[in-house]
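[1] Need coordinates for the below:
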Amino acid sequence: MRPRMWLLLAAQLAALRGSSVLQQTPAYIMVQTNQMVTLSCQAISSSTTRIYWLRQRQAPSSDSHHEFLAFWDSSKGTVHSEGVEQEKIAVFRDGSWFFLNLMRVKLADSGVYFCMVIGSPSLIFGTGTQLSVVDILPTTAQPTKKSTPKKTVCRLPRPETRKGPLCSPITLSLLVAGVLVLLVSLGVAIHLYCRQRRARLRFVKQLYK
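    Okay, here's the model as predicted:
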């Protein structure tokens, strides 16, 4: 039996439960078509030298089909499955983390992705990452704002400004009379001052004769 067929048969017979040996993050990803997505898997055991990546197109069940995509080997690097677009799938390692890159994803790429190692005597699966590929990402509906009623502001009526002459005729006549009285008083005072001065001058002249 060819190794690829043996691997697919073993994957379908394995129990589909998350393992503490392989931890996958995140558990769910939604991405738009023609974008790139990266899935990660952490191997707790440092002795892990080969990680397989498989895709399950339908919900996990006892008769669900697993599709072998690629695996990473410490000596060979990325090894793709037959019939897989090599330029679309890339696998690489960084320490205890293993990553699966999917480029230009399509709607058909939706499914649950598992990382896996071959243990003894059974296969060990990761916790799985569900990938959902959509044409348009849903937008978060914003909460509708309640319209607050406008407060009615009571405004006091402005006092009306009267147009026309500021002073009445009586007031004007009184002002004119007051001004005349002041002028007359000033003239009288000046006249008296002049007479007194002349009288003083005459008195002084008589003393020196």
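
[2] Can you tell me the SS state at the residue nearest to Q35 when sequence neighbours are not counted?
    Once flanking residues are discounted, Q35 sits nearest to V105: 6.1 Å by C-beta to C-beta, 6 or more residues apart in numbering. C-beta here means a position set from N, CA and C on the backbone, and glycine is covered the same way. Secondary structure for V105, judged by DSSP: H, G, I helix; E, B strand; the rest coil, is coil.

[3] so how far is S47 from V105?
    In this structure, V105 and S47 are 32 Å apart, going by C-beta to C-beta, to the nearest Å.

[4] Please parse the chain into its domains.
    Under the TED database, the residue ranges defining each domain of the chain are 20-134, 170-208.

[5] Distance across stretch 91-102, terminal residue to terminal residue?
    Between the opening and closing residues of stretch 91-102 lies a distance of 9 Å (C-alpha to C-alpha, to the nearest Å).

[6] V105 and S47: which is more packed in?
    A side-by-side neighbour count of V105 and S47, using other C-beta atoms under 10 Å, places V105 first with 19 against 6.

[7] Look up how far S185 lies from V179.
    V179 sits 11 Å away from S185, taking C-beta to C-beta as the criterion.

[8] likewise Q86?
    Relative to S185, and taking C-beta to C-beta, Q86 is found at 121 Å.

[9] ok, the residue nearest to Q35 - contacts?
    V31, T33, N34, Q35, M36, V37, L131, V133 (C-beta atoms under 8 Å, 6 or more residues apart in numbering).
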